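Colleague: A predicted structure for the sequence below; I have some questions about it.
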Amino acid sequence: MKRIALFLFVLFSIWGSAQQLPPPPAAPNLLQKQLIDEFIEVSHYKKSIINYAKNYLELKMFDYSVDPPKELLSKEQARSIINNFNFDHVKSSLYSSFSFIPEDKLKELVKFHRAIGGQLSKDDSAFLITPTLDLNIKNQLDYAIENIKK
């Protein structure tokens, strides 16, 4: 019985070590990084993300599943979360997400945003976002909400 258990242990150990490690996170090359930084600047991307975060927090301020709606977050708490919002965390996700965009397309994005004065909409509410970036922003805000309630 011990031999069978030892044999199975060795067999599963070999099988388990044969699996590959996940690939490293996507990272832009130097030119892509410069173009992404330029895109962030000309498209007012930081302002757009902050506006997006404000809108998300407005949705999270009340629990609408009860009648009357219960306040979960005060305006002061929401303002504090926005003031402490770390754009650098979003920026690293942005680099990763946009690293899949070829350099010539990034140049076109920068050129396009320069041509329109950097704004797709009046209040910077329309902007380019990926599902991964969206999830990272919401996770950062949800984490801040949980910490501010403590």
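Modeller: Happy to help now that I have it.
Colleague: Every contact and neighbour count from this point should use C-alpha atoms.
Modeller: Noted.
Colleague: how about Ala115, what does it touch?
Modeller: For Ala115, no contacting residues are found, by CA atoms under 8 Å, 6 or more residues apart in numbering.
Colleague: and the gap between it and Leu109?
Modeller: Note on Ala115: its distance to Leu109, by CA to CA, to the nearest Å, is 10 Å.
Colleague: And the strands in the chain?
Modeller: Under the criterion DSSP state E, the chain carries strands at the ranges 62-63, 70-71.
Colleague: Turn those into TSV, including distance to Ser97, mean neighbour count and mean pLDDT.
Modeller: What follows is these, written out as TSV (distance: least, CA to CA, whole Å; neighbours: other CA atoms under 10 Å; pLDDT from 0 to 100):
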stretch	distance to Ser97	mean neighbour count	mean pLDDT
strand 62-63	31	15	87
strand 70-71	35	12	88
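Colleague: For the residue nearest to Asp124 when sequence neighbours are not counted, give me the pLDDT.
Modeller: Closest residue to Asp124 apart from its sequence neighbours, by CA to CA, 6 or more residues apart in numbering: Ser48 at 5.0 Å. On pLDDT, Ser48 comes in at 92.
Colleague: my guess is Ser48 contacts Ser125, does it?
Modeller: Yes: the pair Ser48 and Ser125 passes the contact test of CA atoms under 8 Å, sitting 5.8 Å apart.
Colleague: Who has more neighbours out of the two?
Modeller: Ser48 (20 against 17; other CA atoms under 10 Å).
Colleague: tell me the contacts of the more buried one?
Modeller: 123-127.
Colleague: Can you say which of these are buried?
Modeller: Applying 16 or more other CA atoms under 10 Å to the contacts of Ser48, the neighbour count classes 124-125 as buried.
Colleague: Same list, the contacts of Ser48, but as CSV with distance to Lys70 and pLDDT please.
Modeller: Supplementary listing: the contacts of Ser48 in CSV, determined by distance: CA to CA, whole Å; pLDDT from 0 to 100:
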residue, distance to Lys70, pLDDT
Asp123, 29, 81
Asp124, 30, 79
Ser125, 27, 82
Ala126, 30, 85
Phe127, 31, 89
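Colleague: what packs against the biggest helix by length in the chain?
Modeller: Counting by DSSP state H, the longest helix found in the chain is helix 131-149. With contacts taken as 3 or more CA pairs under 8 Å, 6 or more residues apart in numbering; DSSP states H and E, helix 131-149 sits against helix 45-60, helix 75-83, helix 87-98.
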